[in-house]
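> Sequence below, structure please.
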Amino acid sequence: MSDPAASLWNNGHTTPFVELDRADWAALAPTTQLPLRETEIVQLRGLGEPLDLGEVTDVYLPVSRLLNLYAAGASQLHRATSDFLGERARRTPFVIGVAGSVAVGKSTIARLLRELLARWEDTPRVELVTTDGFLFPNAELARRGLMARKGFPESYDRRSLLRFVSAVKGGAAEVRAPFYSHLNYDIVPDAQIVVRQPDVLIVEGLNVLAPPTTGHGLTVSDLFDFTVYVDARTQDIARWYVDRFLRLQRGAFSNPKSYFHRYATMTEDEARREARRIWDEINEPNLVQNILPTRSRATLVLRKDENHAVSKVLLRKL
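Residues are numbered from 1 along each chain as shown. Alright, predicted model coming up:
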């Protein structure tokens, strides 16, 4: 059976992307100095992700340079448009969307890009917001019968997310987003993330590249200036998910305050079976039905191999 995560690029058809292997991609920024120390990279790693200096230098440093060029180009276009209109409007933030499956490593990539972009002189103020904060609270999800579909598009308050990004993109002095606790697995009442006119806003989440739903003319992806999709074979992502679940079971789930504390006493075999059940019943259907179909909407696709290392980069043709 073919892997749906690979089929788009292996069908022999002409695509709107330029495809580069890792070596060719790394050669695009040979003189750019890495602004991060190895200790900083270790702190940015996700659970079980072997991110190292080589990966950052070869893959993500060129990505950050490309993003910096796109942001500078957007700024120049803004000035030209303002001159054309005869006004002096303030430059609005450059908004980046980062999408991909659960356990594919998109959160690590979003954090890494935030740190790299903040080192470029044109974009010193970079904010990162995840769409977890725009999930409906658990009580509302339970009322709607959606707890088993948490992470699916309908489990998000998409109008609130759209209003938030619209306000940031519109240049509002201060915009607030809900705060999500992974310990509680829920929105924290009265806790907020405050965004104050950044140069760059990164929005990271499962479904951020989704097109408008029927009857709605605008979606959050319409407000992005650049988008990144983190890609890998479905069977690799499934294995990464199970491995991460086992690490959490031995770590964070042991906290009595954790929503998932009930898993802490499972044997390894029991935990592995439970992780596989969650993947098969929730995460893989969401990937196949909702997340993977948005890949072709991305500006940049980072294709990972089984060891989490990026092997191919696909950049949309201009």
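> List the contacts of the helix or strand hosting residue 99.
According to DSSP states H and E, residue 99 maps onto strand 94-100. Residues outside strand 94-100 that contact it (Cβ atoms under 8 Å, 6 or more residues apart in numbering) are 67, 70-71, 74-75, 106, 109-110, 113, 123, 165, 168-169, 199-209, 220-221, 223-231, 291, 294, 298. C-beta here means a position set from N, CA and C on the backbone, and glycine is covered the same way.
> okay, it in PDB with CA atoms only?
C-alpha atoms of strand 94-100 as PDB (Å, rounded to 0.1, in the frame of the first residue of the first chain):
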ATOM      1  CA  PHE A  94       5.300  39.400   8.400                       C
ATOM      2  CA  VAL A  95       3.200  36.300   9.300                       C
ATOM      3  CA  ILE A  96       4.500  32.800   8.900                       C
ATOM      4  CA  GLY A  97       2.400  29.600   9.200                       C
ATOM      5  CA  VAL A  98       4.000  26.300  10.200                       C
ATOM      6  CA  ALA A  99       1.900  23.200   9.700                       C
ATOM      7  CA  GLY A 100       2.200  19.400   9.900                       C
END
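> how about low-confidence regions in the stretch 201-318 of the chain?
215 (pLDDT under 70).
> could you show me where the helices are in it, in order?
234-250, 268-278, 284-286 (DSSP state H, counting those that start in this stretch).
> likewise the stretch 51-200 of the chain?
53-55, 61-85, 106-117, 138-143, 158-169.
> Most tightly packed of these?
Mean neighbour count (mean count of other Cβ atoms under 10 Å) peaks for helix 106-117 among the helices of the stretch 51-200 of the chain, with a mean of 23.
> can you give me the offset of it from its chain's centre?
Computed by Cα atoms, centre = their mean, to the nearest Å, the chain-centroid distance of helix 106-117 equals 9 Å.
> other SSEs contacting that helix?
Judged by 3 or more Cβ pairs under 8 Å, 6 or more residues apart in numbering; DSSP states H and E, helix 106-117 is in contact with helix 38-44, helix 61-85, strand 94-100, strand 126-130, strand 200-204, strand 226-231.
> now the angle between helix 106-117 and the strand holding residue 99, please.
On the basis of axes from the mean of the first three to the mean of the last three Cα atoms, to 10 degrees, strand 94-100 is oriented at 150 degrees to helix 106-117.
> Now do the contacts for residue 25.
By Cβ under 8 Å, 6+ apart, the contact set of residue 25 is 58, 59, 62, 313.
> of the helices of the stretch 51-200 of the chain, which approaches residue 281 most closely?
Residue 281 sits nearest to helix 138-143 of all the helices of the stretch 51-200 of the chain, at 16.2 Å, using Cβ to Cβ.
> which other residues reach that closest one?
By Cβ under 8 Å, 6+ apart, the list of residues contacting helix 138-143 reads 135, 147, 150, 155, 185, 186, 187.
> Those, buried ones only, as a ChimeraX selection?
Selection of buried members from the contacts of helix 138-143 for ChimeraX, criterion 16 or more other Cβ atoms under 10 Å:
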select :135,150,155,186,187
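> Let's see which of the contacts of helix 138-143 end up in strands.
Judged by DSSP state E, the subset of those located in strands is 186, 187.
> got the contacts of helix 138-143 as TSV, with distance to residue 43 and pLDDT columns?
Shown next, in TSV, are the contacts of helix 138-143 (distance: Cβ to Cβ, whole Å; pLDDT from 0 to 100):
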residue	distance to residue 43	pLDDT
135	26	98
147	33	96
150	28	97
155	30	98
185	24	96
186	26	98
187	26	98
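> Next, format the contacts of helix 138-143 as CSV and append distance to residue 243.
Output for the contacts of helix 138-143, formatted as CSV (distance: Cβ to Cβ, whole Å):
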residue, distance to residue 243
135, 24
147, 25
150, 21
155, 25
185, 20
186, 25
187, 28
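> Among the contacts of helix 138-143, which pair sits farthest apart?
Using Cβ to Cβ, the contacts of helix 138-143 span at most 13.6 Å, a distance reached by 147 and 187.
> got the angle for the strand holding residue 99 vs helix 234-250?
Using the same axes, to 10 degrees: strand 94-100 against helix 234-250 is 90 degrees.
> rewinding a little: and which of the contacts of helix 138-143 is nearest to residue 84?
Of all those, residue 84 sits closest to residue 135, with 41.0 Å by Cβ to Cβ.
> That closest one touches residue 154, doesn't it?
No: contact criterion Cβ atoms under 8 Å: residue 135 and residue 154 do not qualify, at 10.7 Å.
> who touches both of the two?
With the criterion set as Cβ under 8 Å, 6+ apart, the contacts of residue 135 and residue 154 do not overlap.
> Please report the distance of the residue of the chain positioned farthest from its centre from residue 76.
Distance to the chain centre peaks in the chain at residue 86, reaching 37.0 Å (criterion: Cα atoms, centre = their mean). According to Cβ to Cβ, to the nearest Å, residue 86 and residue 76 sit 18 Å apart.
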